[in-house]
Structures are given as C-alpha cells and as structure tokens.
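A.B. asks: Return atomic coordinates for the entry below.
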Amino acid sequence: MLVARFYAPGDIRLEQAPEPTPGPGQLKIAVANCSTCGTDVKISRHGHHHIRPPRVIGHEIAGRIVEAGEGVTGWAEGDRVQVIAAIPCGKCVECADGRFTVCSNQESMGYHYDGGFAEYMIIPEAVLAVDGVNRVPDNVDLAEASVAEPLACVLNGQEIAGVGEGDTVVVMGAGPIGCLHVRLARAKGAAKVYLVDLNRGRLDMSAALVEPDAAICGEETDAVAEVLRLTGGRGADLIITAAASGRAQEDALRMVARSGRISFFGGLPKDAPIIQLDANAVHYKEISIFGANGSSPAHNKRALELISSGEVPVADLITERMSLSDVHKAIETVAAGTAVKVTIQP
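C.D. replies: Here you go, the predicted structure:
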C-alpha cells in the first residue's frame, strides 16, 4: 500500500509499505479521507518533538472498517468511522477531572502512531480505550467527516471562551479554522461576526463562503480601527486569534470591549512565543484571556452532530480534493493559502 512518511524537515516520502494487520484491541480501516491543515505544514518544514521518524503523518481521519482485532466488539466491516487526533490517557489527574484536552500524557495520531496519509491504517487500542472512534451519520460523507476533527477543536475553543447569544465576535485568520469559527459562532447565536486576515486573496475566498458581517483586510486598513468603527468605539465582545500570529494576539487586546474575552486559539511559533501585553488594560477593563488546545473525544462526537444537523456546514469548505500521490502538492497548497480545506483521498 502507498503511505506518506515523514523522515525529517523537508523530507516526506511516498513509499510502498506492507498492509497492516490489527492486533488485539485494534481496528484496521481503509482511509477514505485524511484532510490537511497548517500543522501538517509545520511538521513538513520543522518536524515535531513527539514524532520519531519514520512516521506516517496525517491526523484528520475518516474511513471504513476493514477488520477488528481480537477482543474488539461493536464494529463490523464496512462501518464508516471518524477518528480522534488527540488521544488522552484517561488516567491522569486532568483526565480524572474531565479536562481531557490538557491531559499530561496525551498522544496523537500521526505523531505517536502512524496516521492517515495511507491507504490503510491501524487505530490503536489507546484510541478505542477513550471512545475515540465515532460512527459517521448516514447523511455525512467521509470527506466532511474528516473535517470533524478541526471543528472539534473550534468547538472546544468557543466553549472555553463562552461564545453566546448576541455576542459581537472578531475572528482573526481566514483559513479553514477561521471559517469554522465564523460558522460555529453564528450557530451559537452571535449577533455579528467579523473576519480579519492580512491576505486579500484568502480573505475574499473565505468570506465568499462563510459571509461574515464584515471582511477586513489587515494589509489594506488598520484592523483595530475598523473593528472599533464597526462597534461604535466599544470593541468586540470576543476576539478569536485563529492564526499563528503574535501581532494578532497583541491587536486583540486593542480591539476587545470592556469585560470582553480573548481566545488565543492559534499557537505561536516555538521560536517566537512571547508577545507584548498591556497588563493594565487587562486589569482595568476586566478582560479575560483564554487558551485553547485541541479537542476531546466528546468534542469530536458533537462536531459530527453539528455537521449532520446542518448547523455547521463544511462540505463547501473542502475546495481541493487530491490523491495521496499529490500529498506534497496538498501541503504546499495549504501553506500558500490558495484553498480553504484540502483533503487527501487515498
């Protein structure tokens, strides 16, 4: 079978590998879709400290069950499934408190275990142990199901930040995550949602799909001034930084309303994680700043429900479908920002 293996930064190889056999407690699936994201770009360029090469990467996974290993019940050949990416241990203090997204022993598909850039793959016992395999609703195709994982992360971030009825929300970053944030905020009852990006082409492409109340190009205008203008000088109730940008995080503090909230959703580059933050603004305006990291198995289930119900449509966000042999092109397309969501169909 064909796989895409990471060996080192700049070295992802398409190779033939033996078709795997599930061991006890495992499932084998035929991968139907493994969508790509900015994390795949970062891995391809910089690697990751949790990845011991060679490793089959890809973590936004959906497919059909081929075989169940010894001791696995409740699944049959042909069942359509979506697989979590972040795997909590289920045993640490954080997991015992239900805080699975900050599990101190978390593992991940495509990092600790071979991922979805392959024709077939093994779902490890650790995933089944935390109920991390989800049945795909009949009205959801497997390309859409693969987008449940990033939507689950967005759902986690918005739950933490408390997006709700009547909020004015600013989403900074018009990539696929930003698009999902816009749609989920609307589903949660936000009154106004503004989308900000530096890249005019990406902003226009995404805005045409998700139709924010305003699309603000940060290269052409002062985004902070424009948000303040749109809100009558008050600022927005919630700013979501859906971009790996320290400048976006700093600007968020300048455009948020009194008693507002900021979600640092996008992580910063490891070599530039420090920003300037006006602590007095946080203090006197009673601003809340939240982190957001990944998703839990339960978030993945709810994300599939949101897709199935039509509350958060994702089909139109998949603007490129490529074969596994085009994995390098797919990753570079994501890096260039010329597509919203790219999915690999092995």
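A.B. asks: only C-alpha atoms for contact and neighbour calcs from this point on.
C.D. replies: OK.
A.B. asks: what comes into contact with the strand or helix carrying residue 170?
C.D. replies: Applying DSSP states H and E as the criterion places residue 170 in strand 168-172. Outside strand 168-172, the residues that touch it by C-alpha atoms under 8 Å, 6 or more residues apart in numbering are 178, 181-182, 185, 190-197, 236-243, 248.
A.B. asks: would you list every one of the helices in this protein?
C.D. replies: For the chain, the helices defined by DSSP state H occupy 38-46, 93-96, 125-129, 142-146, 148-161, 176-187, 200-210, 223-230, 246-255, 279-285, 297-309, 327-336.
A.B. asks: Which one, of the ones you listed, ends up nearest to residue 80?
C.D. replies: Closest of the helices of the chain to residue 80 is helix 142-146, at 7.7 Å (criterion: C-alpha to C-alpha).
A.B. asks: Buried ones in the closest one, by neighbour count?
C.D. replies: If you call a residue buried by 16 or more other C-alpha atoms under 10 Å, then helix 142-146 has these buried ones: 142-146.
A.B. asks: Only C-alpha atoms, please: export that helix in PDB.
C.D. replies: In PDB, the C-alpha atoms belonging to helix 142-146 read as follows (Å, rounded to 0.1, in the frame of the first residue of the first chain):
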ATOM      1  CA  LEU A 142     -16.400  10.800   4.700                       C
ATOM      2  CA  ALA A 143     -14.700  14.000   3.400                       C
ATOM      3  CA  GLU A 144     -17.000  16.000   5.600                       C
ATOM      4  CA  ALA A 145     -16.400  13.600   8.500                       C
ATOM      5  CA  SER A 146     -12.600  14.300   8.200                       C
END
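A.B. asks: Now that we have the contacts of strand 168-172, which of them are buried?
C.D. replies: 178, 181-182, 185, 190, 192-197, 236-243, 248.
A.B. asks: circling back to that earlier point, same list (the helices of the chain) but as CSV, adding mean pLDDT.
C.D. replies: Formatted as CSV, the helices of the chain follow (pLDDT from 0 to 100):
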stretch, mean pLDDT
helix 38-46, 93
helix 93-96, 96
helix 125-129, 97
helix 142-146, 98
helix 148-161, 98
helix 176-187, 98
helix 200-210, 97
helix 223-230, 98
helix 246-255, 96
helix 279-285, 96
helix 297-309, 98
helix 327-336, 96
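A.B. asks: Can you tell me which of those is most buried?
C.D. replies: helix 142-146 (a mean of 27; mean count of other C-alpha atoms under 10 Å).
A.B. asks: what residues does that helix touch?
C.D. replies: 32-35, 60-63, 80, 82, 136, 304, 307, 314-315, 318, 343.
A.B. asks: Mind splitting this structure into its structural domains?
C.D. replies: Here the chain is described, according to automatic domain parsing, as comprising the domains 2-147+314-344, 154-291.
A.B. asks: Tell me which of those domains sits nearest to residue 297.
C.D. replies: It is, among the domains of the chain and with distance given as C-alpha to C-alpha, domain 2-147+314-344, at 5.3 Å.
A.B. asks: who touches the residue nearest the centre of the chain in this structure?
C.D. replies: The centroid of the chain falls nearest to residue 150 when counting by C-alpha atoms, centre = their mean (2.7 Å). Residues near residue 150 by C-alpha under 8 Å, 6+ apart: 60, 177.
A.B. asks: at 10 Å what do you get?
C.D. replies: Each residue near residue 150 by C-alpha atoms under 10 Å, 6 or more residues apart in numbering is listed here: 35-37, 59-60, 84-85, 156, 176-177, 180, 294-295, 299-300, 303.
A.B. asks: what does residue 112 give?
C.D. replies: Counted by C-alpha under 10 Å, 6+ apart, residue 112 has contacts 50-53, 55-57, 87, 106.
A.B. asks: Pipe these into TSV and attach distance to residue 42 and neighbour count per row.
C.D. replies: Below are the contacts of residue 112 laid out as TSV (distance: C-alpha to C-alpha, whole Å; neighbours: other C-alpha atoms under 10 Å):
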residue	distance to residue 42	neighbour count
50	13	11
51	12	20
52	15	14
53	15	15
55	15	20
56	15	27
57	12	28
87	20	26
106	19	16
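A.B. asks: Report the separation between the residue lying farthest from the centre of the chain and residue 259.
C.D. replies: Centroid-distance maximum for the chain: residue 284 at 33.2 Å, with C-alpha atoms, centre = their mean. Distance, residue 284 to residue 259, using C-alpha to C-alpha, to the nearest Å: 9 Å.
A.B. asks: for residue 324, same thing?
C.D. replies: 47 Å.
A.B. asks: more crowded one of these two?
C.D. replies: residue 324 (23 against 15; other C-alpha atoms under 10 Å).
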